[in-house]
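Novice: curious how this folds, go ahead:
(4 chains)
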2 protein chains.
Amino acid sequence: MLKYGYAATSVDDICSKSGVTKGSFYHFFATKEELGLAVLNGFYEEGVARVASGAYAGMNDPYQRLLGLFDHLEAIGPDLWRHGCLMGNFACELAESSPLIRRRVAEIFEELVNRLAPVFRPIARGGREAAELAEQTLMVIEGAVIMARAHDDPRRIASGLRRFRHMIEARIGESRTAKDKVNRGRASSPM
Amino acid sequence: MLKYGYAATSVDDICSKSGVTKGSFYHFFATKEELGLAVLNGFYEEGVARVASGAYAGMNDPYQRLLGLFDHLEAIGPDLWRHGCLMGNFACELAESSPLIRRRVAEIFEELVNRLAPVFRPIARGGREAAELAEQTLMVIEGAVIMARAHDDPRRIASGLRRFRHMIEARIGESRTAKDKVNRGRASSPM
DNA sequence: TTGACTATACCGACCGGTTAGTATAGTGGG
DNA sequence: CCCACTATACTAACCGGTCGGTATAGTCAA
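Specialist: Numbers count the residues shown, from 1 in each chain, chains lettered A, B, ... in the order given. Now for the predicted structure:
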(Lines give C-alpha, C1' and ligand atoms only; values in the text may rest on other atoms or scores of the structure.)
Protein backbone atom coordinates (compact mmCIF):
# COMPACT_ATOMS: atom_id res chain seq x y z
CA MET A 1 0.00 0.00 0.00
CA LEU A 2 2.93 2.26 0.76
CA LYS A 3 4.85 1.20 -2.34
CA TYR A 4 2.12 1.03 -4.96
CA GLY A 5 -0.68 3.17 -3.54
CA TYR A 6 -4.07 2.43 -2.08
CA ALA A 7 -6.02 1.77 -5.27
CA ALA A 8 -3.33 -0.43 -6.81
CA THR A 9 -3.21 -2.69 -3.76
CA SER A 10 -6.07 -5.17 -4.02
CA VAL A 11 -7.72 -6.93 -1.14
CA ASP A 12 -6.89 -10.23 -2.85
CA ASP A 13 -3.19 -9.32 -2.88
CA ILE A 14 -3.26 -8.35 0.78
CA CYS A 15 -4.95 -11.62 1.68
CA SER A 16 -2.66 -13.90 -0.29
CA LYS A 17 0.53 -12.14 0.89
CA SER A 18 -0.49 -12.24 4.52
CA GLY A 19 -1.82 -15.78 4.33
CA VAL A 20 -5.44 -15.08 5.18
CA THR A 21 -8.51 -15.75 3.14
CA LYS A 22 -10.93 -13.14 1.98
CA GLY A 23 -13.61 -14.42 4.33
CA SER A 24 -11.33 -13.86 7.30
CA PHE A 25 -10.36 -10.45 6.05
CA TYR A 26 -13.91 -9.24 5.86
CA HIS A 27 -14.60 -10.72 9.25
CA PHE A 28 -12.14 -8.25 10.79
CA PHE A 29 -12.54 -5.30 8.45
CA ALA A 30 -15.86 -4.05 7.17
CA THR A 31 -14.32 -2.40 4.10
CA LYS A 32 -11.00 -1.91 2.38
CA GLU A 33 -11.13 1.69 3.62
CA GLU A 34 -11.20 0.45 7.21
CA LEU A 35 -8.05 -1.55 6.60
CA GLY A 36 -6.47 1.56 5.11
CA LEU A 37 -7.28 3.40 8.32
CA ALA A 38 -5.73 0.62 10.42
CA VAL A 39 -2.58 0.56 8.27
CA LEU A 40 -2.37 4.34 8.55
CA ASN A 41 -2.56 4.21 12.34
CA GLY A 42 0.07 1.48 12.41
CA PHE A 43 2.40 3.54 10.24
CA TYR A 44 1.86 6.56 12.46
CA GLU A 45 2.57 4.70 15.67
CA GLU A 46 5.69 3.06 14.29
CA GLY A 47 6.91 6.44 13.07
CA VAL A 48 6.30 8.12 16.42
CA ALA A 49 8.15 5.31 18.19
CA ARG A 50 11.13 5.57 15.84
CA VAL A 51 11.33 9.35 16.11
CA ALA A 52 10.89 9.35 19.90
CA SER A 53 13.65 6.75 20.31
CA GLY A 54 16.35 9.31 19.46
CA ALA A 55 19.08 10.30 21.89
CA TYR A 56 18.08 13.98 21.55
CA ALA A 57 15.01 13.44 23.75
CA GLY A 58 17.09 13.23 26.93
CA MET A 59 19.39 16.19 26.26
CA ASN A 60 19.34 19.06 28.73
CA ASP A 61 20.53 21.96 26.56
CA PRO A 62 17.47 23.02 24.57
CA TYR A 63 19.54 24.01 21.49
CA GLN A 64 21.41 20.72 21.60
CA ARG A 65 18.09 18.92 21.82
CA LEU A 66 16.72 20.74 18.80
CA LEU A 67 19.82 20.04 16.73
CA GLY A 68 19.79 16.47 18.03
CA LEU A 69 16.26 16.03 16.70
CA PHE A 70 17.49 16.91 13.25
CA ASP A 71 20.49 14.60 13.60
CA HIS A 72 18.10 11.83 14.47
CA LEU A 73 15.65 12.59 11.66
CA GLU A 74 18.48 12.66 9.14
CA ALA A 75 19.74 9.34 10.48
CA ILE A 76 16.47 7.41 10.42
CA GLY A 77 14.63 9.26 7.63
CA PRO A 78 16.06 7.51 4.60
CA ASP A 79 15.16 4.13 6.07
CA LEU A 80 11.86 5.07 7.72
CA TRP A 81 10.47 6.77 4.61
CA ARG A 82 12.30 4.57 2.08
CA HIS A 83 9.06 3.77 0.30
CA GLY A 84 7.32 7.03 1.08
CA CYS A 85 5.16 8.35 3.90
CA LEU A 86 1.69 6.87 4.21
CA MET A 87 0.23 10.12 5.49
CA GLY A 88 1.54 11.95 2.46
CA ASN A 89 0.52 9.20 0.04
CA PHE A 90 -3.01 9.00 1.40
CA ALA A 91 -3.36 12.77 1.43
CA CYS A 92 -2.38 12.80 -2.26
CA GLU A 93 -4.44 9.85 -3.41
CA LEU A 94 -7.50 9.81 -1.18
CA ALA A 95 -8.06 13.37 0.05
CA GLU A 96 -10.98 13.92 -2.31
CA SER A 97 -12.38 10.39 -2.40
CA SER A 98 -12.21 9.19 1.20
CA PRO A 99 -13.18 11.85 3.75
CA LEU A 100 -12.60 9.33 6.53
CA ILE A 101 -8.97 8.78 5.69
CA ARG A 102 -8.35 12.44 4.82
CA ARG A 103 -9.63 13.49 8.23
CA ARG A 104 -7.49 10.94 10.03
CA VAL A 105 -4.40 12.11 8.15
CA ALA A 106 -5.14 15.71 9.15
CA GLU A 107 -5.57 14.59 12.75
CA ILE A 108 -2.25 12.75 12.69
CA PHE A 109 -0.45 15.79 11.34
CA GLU A 110 -1.95 17.86 14.14
CA GLU A 111 -0.81 15.31 16.70
CA LEU A 112 2.70 15.31 15.27
CA VAL A 113 2.85 19.10 15.40
CA ASN A 114 1.85 19.01 19.06
CA ARG A 115 4.48 16.38 19.83
CA LEU A 116 7.25 18.23 18.02
CA ALA A 117 6.44 21.81 19.03
CA PRO A 118 8.04 21.70 22.51
CA VAL A 119 11.44 21.00 20.94
CA PHE A 120 11.16 24.22 18.94
CA ARG A 121 10.02 26.29 21.91
CA PRO A 122 13.51 27.68 22.76
CA ILE A 123 13.81 29.42 19.38
CA ALA A 124 10.15 30.43 19.10
CA ARG A 125 9.27 34.11 19.39
CA GLY A 126 5.49 34.29 19.33
CA GLY A 127 3.16 31.94 21.15
CA ARG A 128 2.25 30.00 18.03
CA GLU A 129 5.68 29.93 16.46
CA ALA A 130 6.92 26.71 18.00
CA ALA A 131 3.96 24.90 16.46
CA GLU A 132 4.53 26.65 13.16
CA LEU A 133 8.16 25.60 13.07
CA ALA A 134 7.12 22.03 13.84
CA GLU A 135 4.60 22.18 11.01
CA GLN A 136 7.22 23.59 8.69
CA THR A 137 9.46 20.66 9.60
CA LEU A 138 6.71 18.21 8.66
CA MET A 139 6.27 20.00 5.35
CA VAL A 140 9.97 19.71 4.62
CA ILE A 141 9.89 16.02 5.48
CA GLU A 142 6.89 15.38 3.20
CA GLY A 143 8.47 17.38 0.41
CA ALA A 144 11.81 15.62 0.84
CA VAL A 145 10.11 12.22 0.77
CA ILE A 146 8.43 13.09 -2.52
CA MET A 147 11.71 14.32 -3.97
CA ALA A 148 13.46 11.15 -2.81
CA ARG A 149 10.80 8.97 -4.40
CA ALA A 150 10.88 10.91 -7.66
CA HIS A 151 14.65 10.55 -7.88
CA ASP A 152 14.62 7.00 -6.50
CA ASP A 153 17.20 8.03 -3.91
CA PRO A 154 16.27 7.96 -0.21
CA ARG A 155 19.39 9.95 0.66
CA ARG A 156 17.56 13.03 -0.58
CA ILE A 157 15.46 12.85 2.58
CA ALA A 158 18.57 13.42 4.69
CA SER A 159 19.97 16.17 2.47
CA GLY A 160 16.66 18.03 2.39
CA LEU A 161 16.49 17.90 6.17
CA ARG A 162 20.09 19.00 6.46
CA ARG A 163 19.43 22.14 4.45
CA PHE A 164 16.44 22.98 6.60
CA ARG A 165 18.56 22.37 9.66
CA HIS A 166 21.02 25.03 8.47
CA MET A 167 18.19 27.54 8.50
CA ILE A 168 17.24 26.45 12.01
CA GLU A 169 20.87 26.83 13.06
CA ALA A 170 20.79 30.44 11.86
CA ARG A 171 17.76 30.97 14.09
CA ILE A 172 19.54 29.38 17.01
CA GLY A 173 22.39 31.85 16.52
CA GLU A 174 19.94 34.74 16.70
CA SER A 175 18.17 33.30 19.75
CA ARG A 176 21.47 32.79 21.55
CA THR A 177 22.67 36.38 21.04
CA ALA A 178 19.26 37.72 22.01
CA LYS A 179 19.39 35.67 25.17
CA ASP A 180 22.95 36.83 25.88
CA LYS A 181 21.80 40.42 25.68
CA VAL A 182 19.09 39.73 28.23
CA ASN A 183 21.56 37.93 30.46
CA ARG A 184 24.06 40.75 30.17
CA GLY A 185 21.33 43.24 31.02
CA ARG A 186 20.66 41.20 34.15
CA ALA A 187 24.39 41.28 34.87
CA SER A 188 24.71 37.52 34.72
CA SER A 189 27.79 35.85 33.28
CA PRO A 190 28.08 36.36 29.53
CA MET A 191 29.51 32.86 29.04
CA MET B 1 -6.37 12.32 -12.29
CA LEU B 2 -5.20 15.16 -10.08
CA LYS B 3 -8.17 14.90 -7.76
CA TYR B 4 -8.60 11.16 -7.41
CA GLY B 5 -5.24 9.73 -8.43
CA TYR B 6 -4.00 7.81 -11.43
CA ALA B 7 -5.39 4.38 -10.63
CA ALA B 8 -8.82 5.67 -9.63
CA THR B 9 -9.25 7.57 -12.90
CA SER B 10 -10.43 5.13 -15.54
CA VAL B 11 -9.93 5.46 -19.26
CA ASP B 12 -13.70 5.14 -19.69
CA ASP B 13 -14.26 8.13 -17.41
CA ILE B 14 -11.68 10.20 -19.25
CA CYS B 15 -13.29 9.37 -22.58
CA SER B 16 -16.86 10.10 -21.56
CA LYS B 17 -15.97 13.33 -19.75
CA SER B 18 -13.93 14.65 -22.65
CA GLY B 19 -16.43 13.54 -25.26
CA VAL B 20 -14.26 11.08 -27.14
CA THR B 21 -14.77 7.41 -27.70
CA LYS B 22 -12.37 4.73 -26.67
CA GLY B 23 -11.39 4.01 -30.24
CA SER B 24 -10.22 7.60 -30.66
CA PHE B 25 -8.42 7.54 -27.37
CA TYR B 26 -6.38 4.48 -28.23
CA HIS B 27 -5.66 5.94 -31.63
CA PHE B 28 -3.72 8.76 -29.98
CA PHE B 29 -2.39 7.02 -26.88
CA ALA B 30 -0.93 3.54 -26.87
CA THR B 31 -1.55 3.01 -23.16
CA LYS B 32 -3.06 4.75 -20.16
CA GLU B 33 0.48 5.33 -18.93
CA GLU B 34 1.22 7.34 -22.07
CA LEU B 35 -1.77 9.56 -21.36
CA GLY B 36 -0.48 9.98 -17.83
CA LEU B 37 2.80 11.20 -19.25
CA ALA B 38 1.01 13.67 -21.52
CA VAL B 39 -1.14 14.98 -18.68
CA LEU B 40 2.00 15.33 -16.56
CA ASN B 41 3.73 17.37 -19.25
CA GLY B 42 0.65 19.53 -19.66
CA PHE B 43 0.51 20.18 -15.92
CA TYR B 44 4.19 21.04 -15.89
CA GLU B 45 3.94 23.47 -18.79
CA GLU B 46 0.89 25.20 -17.37
CA GLY B 47 2.64 25.50 -14.00
CA VAL B 48 5.77 26.99 -15.55
CA ALA B 49 3.69 29.48 -17.49
CA ARG B 50 1.77 30.53 -14.37
CA VAL B 51 4.91 30.89 -12.27
CA ALA B 52 6.81 32.73 -15.00
CA SER B 53 3.95 35.20 -15.49
CA GLY B 54 4.70 36.91 -12.17
CA ALA B 55 5.72 40.56 -11.95
CA TYR B 56 8.90 39.56 -10.05
CA ALA B 57 10.53 38.35 -13.28
CA GLY B 58 11.15 41.87 -14.54
CA MET B 59 12.47 43.37 -11.31
CA ASN B 60 15.98 44.79 -11.31
CA ASP B 61 16.91 44.54 -7.63
CA PRO B 62 17.89 40.88 -7.13
CA TYR B 63 16.55 40.79 -3.54
CA GLN B 64 13.28 42.35 -4.63
CA ARG B 65 13.07 39.76 -7.38
CA LEU B 66 13.60 36.91 -4.96
CA LEU B 67 11.01 38.24 -2.54
CA GLY B 68 8.71 38.94 -5.47
CA LEU B 69 8.94 35.30 -6.50
CA PHE B 70 7.61 34.30 -3.11
CA ASP B 71 4.88 36.94 -3.28
CA HIS B 72 3.84 35.47 -6.59
CA LEU B 73 3.98 31.85 -5.42
CA GLU B 74 1.88 32.71 -2.38
CA ALA B 75 -0.61 34.48 -4.60
CA ILE B 76 -1.10 31.76 -7.22
CA GLY B 77 -0.26 28.66 -5.15
CA PRO B 78 -3.62 28.06 -3.44
CA ASP B 79 -5.35 28.17 -6.82
CA LEU B 80 -2.69 26.43 -8.93
CA TRP B 81 -2.30 23.50 -6.52
CA ARG B 82 -5.88 23.54 -5.25
CA HIS B 83 -6.28 19.85 -6.04
CA GLY B 84 -2.65 18.90 -5.49
CA CYS B 85 0.47 18.78 -7.62
CA LEU B 86 0.60 16.13 -10.30
CA MET B 87 4.36 15.71 -9.95
CA GLY B 88 3.96 15.03 -6.26
CA ASN B 89 0.95 12.78 -6.72
CA PHE B 90 2.62 10.69 -9.40
CA ALA B 91 5.83 10.45 -7.40
CA CYS B 92 3.78 9.11 -4.47
CA GLU B 93 1.53 6.74 -6.38
CA LEU B 94 3.59 5.53 -9.32
CA ALA B 95 7.27 5.81 -8.35
CA GLU B 96 7.59 2.07 -7.82
CA SER B 97 5.16 0.84 -10.47
CA SER B 98 5.82 3.06 -13.49
CA PRO B 99 9.52 3.77 -14.08
CA LEU B 100 8.59 5.84 -17.12
CA ILE B 101 6.49 8.31 -15.17
CA ARG B 102 8.85 8.32 -12.20
CA ARG B 103 11.76 9.28 -14.45
CA ARG B 104 9.80 12.05 -16.11
CA VAL B 105 8.81 13.48 -12.74
CA ALA B 106 12.46 13.48 -11.68
CA GLU B 107 13.38 15.22 -14.92
CA ILE B 108 10.72 17.87 -14.40
CA PHE B 109 11.94 18.56 -10.88
CA GLU B 110 15.46 19.00 -12.24
CA GLU B 111 14.21 21.39 -14.90
CA LEU B 112 12.32 23.41 -12.31
CA VAL B 113 15.41 23.64 -10.12
CA ASN B 114 17.41 24.95 -13.08
CA ARG B 115 14.73 27.51 -13.89
CA LEU B 116 14.42 28.73 -10.32
CA ALA B 117 18.08 28.67 -9.29
CA PRO B 118 19.07 32.01 -10.91
CA VAL B 119 16.61 33.86 -8.70
CA PHE B 120 18.38 32.49 -5.62
CA ARG B 121 21.87 33.32 -6.93
CA PRO B 122 22.18 36.66 -5.05
CA ILE B 123 21.92 34.96 -1.66
CA ALA B 124 23.86 31.83 -2.59
CA ARG B 125 27.30 31.31 -1.06
CA GLY B 126 28.72 28.18 -2.68
CA GLY B 127 28.44 27.35 -6.35
CA ARG B 128 25.72 24.75 -5.82
CA GLU B 129 23.76 26.65 -3.22
CA ALA B 130 21.42 28.53 -5.53
CA ALA B 131 20.25 25.20 -6.96
CA GLU B 132 19.93 23.76 -3.47
CA LEU B 133 17.77 26.66 -2.32
CA ALA B 134 15.60 26.23 -5.39
CA GLU B 135 15.25 22.54 -4.61
CA GLN B 136 14.43 23.36 -1.00
CA THR B 137 11.70 25.67 -2.26
CA LEU B 138 10.21 22.87 -4.35
CA MET B 139 10.26 20.62 -1.30
CA VAL B 140 8.42 23.20 0.75
CA ILE B 141 5.84 23.60 -2.01
CA GLU B 142 5.27 19.85 -2.27
CA GLY B 143 5.06 19.53 1.50
CA ALA B 144 2.69 22.47 1.77
CA VAL B 145 0.47 21.04 -0.96
CA ILE B 146 0.20 17.76 0.94
CA MET B 147 -0.59 19.60 4.16
CA ALA B 148 -3.23 21.67 2.37
CA ARG B 149 -4.84 18.58 0.92
CA ALA B 150 -4.81 16.76 4.23
CA HIS B 151 -6.51 19.69 5.95
CA ASP B 152 -8.72 20.44 2.97
CA ASP B 153 -7.56 24.04 3.05
CA PRO B 154 -5.56 25.45 0.11
CA ARG B 155 -4.59 28.51 2.16
CA ARG B 156 -2.04 26.31 3.91
CA ILE B 157 0.00 26.44 0.71
CA ALA B 158 0.40 30.19 1.09
CA SER B 159 1.10 30.07 4.82
CA GLY B 160 3.72 27.35 4.40
CA LEU B 161 5.43 29.38 1.71
CA ARG B 162 5.26 32.50 3.85
CA ARG B 163 7.06 30.81 6.71
CA PHE B 164 9.79 29.64 4.37
CA ARG B 165 10.01 33.14 2.95
CA HIS B 166 10.77 34.48 6.44
CA MET B 167 13.80 32.20 6.56
CA ILE B 168 14.88 33.45 3.15
CA GLU B 169 14.43 37.04 4.37
CA ALA B 170 16.83 36.31 7.21
CA ARG B 171 19.34 35.13 4.63
CA ILE B 172 18.81 38.26 2.58
CA GLY B 173 19.59 40.30 5.66
CA GLU B 174 22.88 38.43 6.09
CA SER B 175 23.74 38.77 2.41
CA ARG B 176 23.03 42.48 2.44
CA THR B 177 25.28 43.22 5.41
CA ALA B 178 28.00 41.01 3.96
CA LYS B 179 27.77 42.94 0.72
CA ASP B 180 27.80 46.27 2.58
CA LYS B 181 31.03 45.27 4.26
CA VAL B 182 32.58 44.52 0.88
CA ASN B 183 31.31 47.82 -0.50
CA ARG B 184 32.62 49.74 2.47
CA GLY B 185 35.99 48.03 2.07
CA ARG B 186 36.00 49.23 -1.52
CA ALA B 187 35.16 52.72 -0.20
CA SER B 188 31.93 52.88 -2.15
CA SER B 189 28.87 54.63 -0.74
CA PRO B 190 27.39 52.69 2.21
CA MET B 191 23.82 53.64 1.26
C1' DT C 1 -21.11 -34.98 32.91
C1' DT C 2 -23.71 -34.16 29.16
C1' DG C 3 -25.90 -31.96 25.40
C1' DA C 4 -28.20 -27.79 23.56
C1' DC C 5 -27.03 -23.24 22.40
C1' DT C 6 -24.10 -19.29 21.15
C1' DA C 7 -20.18 -16.42 19.73
C1' DT C 8 -16.22 -15.97 17.13
C1' DA C 9 -12.98 -17.22 13.61
C1' DC C 10 -12.51 -18.73 9.27
C1' DC C 11 -13.13 -20.58 4.49
C1' DG C 12 -13.42 -20.20 -0.60
C1' DA C 13 -16.78 -20.06 -4.24
C1' DC C 14 -19.29 -16.65 -6.17
C1' DC C 15 -21.52 -12.00 -7.52
C1' DG C 16 -22.24 -7.86 -10.34
C1' DG C 17 -19.67 -4.55 -12.07
C1' DT C 18 -15.34 -2.34 -13.82
C1' DT C 19 -10.79 -2.44 -15.78
C1' DA C 20 -7.34 -1.61 -19.67
C1' DG C 21 -7.02 -2.75 -23.99
C1' DT C 22 -8.58 -4.82 -28.85
C1' DA C 23 -11.05 -5.85 -33.13
C1' DT C 24 -13.54 -4.25 -36.65
C1' DA C 25 -16.48 -1.70 -39.40
C1' DG C 26 -17.33 2.55 -40.76
C1' DT C 27 -16.86 7.85 -42.14
C1' DG C 28 -15.62 11.91 -44.30
C1' DG C 29 -12.28 15.28 -46.13
C1' DG C 30 -8.33 15.75 -49.52
C1' DC D 1 -9.27 5.96 -53.60
C1' DC D 2 -6.98 6.72 -49.35
C1' DC D 3 -6.08 7.16 -44.76
C1' DA D 4 -6.50 9.61 -40.46
C1' DC D 5 -9.81 9.29 -37.39
C1' DT D 6 -14.18 7.60 -35.02
C1' DA D 7 -17.65 4.53 -33.17
C1' DT D 8 -19.13 0.42 -30.97
C1' DA D 9 -18.96 -4.06 -29.52
C1' DC D 10 -16.12 -7.01 -27.29
C1' DT D 11 -12.62 -9.67 -24.27
C1' DA D 12 -10.50 -11.52 -20.30
C1' DA D 13 -8.83 -10.38 -16.17
C1' DC D 14 -9.66 -8.25 -12.03
C1' DC D 15 -12.18 -5.46 -8.53
C1' DG D 16 -14.46 -5.00 -3.70
C1' DG D 17 -17.63 -7.29 -1.33
C1' DT D 18 -21.12 -11.20 -0.08
C1' DC D 19 -22.68 -15.60 0.90
C1' DG D 20 -23.70 -20.09 3.01
C1' DG D 21 -21.43 -22.94 5.55
C1' DT D 22 -17.83 -25.01 8.90
C1' DA D 23 -14.62 -25.43 12.90
C1' DT D 24 -13.76 -24.47 17.52
C1' DA D 25 -14.41 -23.09 22.01
C1' DG D 26 -17.09 -21.41 25.78
C1' DT D 27 -21.49 -21.18 28.59
C1' DC D 28 -25.08 -22.91 31.21
C1' DA D 29 -29.05 -25.61 32.57
C1' DA D 30 -30.50 -30.25 33.70
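Novice: tell me which residue lies nearest the centroid of chain A.
Specialist: A:Leu138 (5.2 Å; C-alpha atoms, centre = their mean).
Novice: and for A:Arg115, nearest residue in space, chain neighbours not counted?
Specialist: Counting by C-beta to C-beta, 6 or more residues apart in numbering or on different chains, A:Val48 is the residue found nearest to A:Arg115 once chain neighbours are left out, at 7.1 Å. For glycine as for every other residue, the C-beta is placed from the backbone atoms N, C-alpha and C.
Novice: neighbours around the one you found, how many?
Specialist: A:Val48 is flanked by 14 other residues according to other C-beta atoms under 10 Å in any protein chain shown.
Novice: quick one: it from DNA strand C, how far?
Specialist: Distance of A:Val48 to DNA strand C, computed by C-beta to the nearest atom of the strand, to the nearest Å: 27 Å.
Novice: hmm, who's touching the helix or strand containing that residue?
Specialist: Secondary structure from DSSP states H and E places A:Val48 in helix A:32-52. Helix A:32-52 has contacts (C-beta atoms under 8 Å, 6 or more residues apart in numbering or on different chains) with A:1-2, A:6, A:11, A:14, A:25, A:29, A:72-73, A:76, A:80, A:85-87, A:90, A:94, A:98, A:100-101, A:104-105, A:108, A:111-112, A:115.
Novice: buried sites along it?
Specialist: Buried residues in helix A:32-52, counted by 16 or more other C-beta atoms under 10 Å in any protein chain shown: A:32, A:35-37, A:39-40, A:43-44, A:47, A:51.
Novice: please apply the same query to stretch A:146-156.
Specialist: Buried residues in stretch A:146-156, counted by 16+ other C-beta under 10 Å: A:146-151, A:154, A:156.
Novice: just checking the distance from that stretch to the centre of its chain.
Specialist: From the chain centre to the centre of stretch A:146-156 is a distance of 16 Å (C-alpha atoms, centre = their mean, to the nearest Å).
Novice: now do stretch A:143-157
Specialist: The answer for stretch A:143-157 is 14 Å, by C-alpha atoms, centre = their mean.
Novice: what's the end-to-end length of it?
Specialist: Stretch A:143-157 has an end-to-end distance of 9 Å (criterion: C-alpha to C-alpha, to the nearest Å).
Novice: ok, the buried residues of helix A:32-52 vs chain B, which is closest?
Specialist: The closest of these to chain B turns out to be A:Leu40 (C-beta to the nearest C-beta; 11.5 Å).
Novice: give the contact list for A:Gly160.
Specialist: When contacts are counted by C-beta under 8 Å, 6+ apart, A:Gly160 touches A:140-141, A:143-144, A:147-148, B:135-136, B:139.
Novice: could you report the distance from it to B:Thr21?
Specialist: Going from A:Gly160 to B:Thr21 by C-beta to C-beta, to the nearest Å gives 45 Å.
Novice: next: A:Ile76.
Specialist: Using C-beta to C-beta, one gets 51 Å for the distance from A:Ile76 to B:Thr21.
Novice: who has more neighbours, these two?
Specialist: A:Ile76 (17 against 10).
Novice: interface residues of chain A facing DNA strand C?
Specialist: A:20-24, A:26-28 (C-beta under 7 Å from any atom of the strand).
Novice: between those, which is nearest chain B?
Specialist: Set against chain B, the nearest of the residues of chain A next to DNA strand C by C-beta to the nearest C-beta is A:Lys22 (20.4 Å).
Novice: wait, the closest one sits on A:Ile14?
Specialist: No - using C-beta atoms under 8 Å, A:Lys22 makes no contact with A:Ile14, being 9.4 Å away.
Novice: okay, and the common contacts of the two?
Specialist: Among the neighbours of A:Lys22, none is also in contact with A:Ile14 (C-beta under 8 Å, 6+ apart).
Novice: before we move on, back to that, isn't the residue nearest to the centre of chain A right up against A:Val113?
Specialist: Yes - if you go by C-beta under 8 Å, A:Leu138 and A:Val113 touch, sitting 6.7 Å apart.
Novice: in chain A, what residue lies closest to DNA strand C?
Specialist: Using C-beta to the nearest atom of the strand, A:Gly23 is the residue of chain A that sits closest to DNA strand C, at 2.0 Å.
Novice: check which helix or strand that residue maps to.
Specialist: A:Gly23 is part of helix A:22-28, with elements assigned from DSSP H and E.
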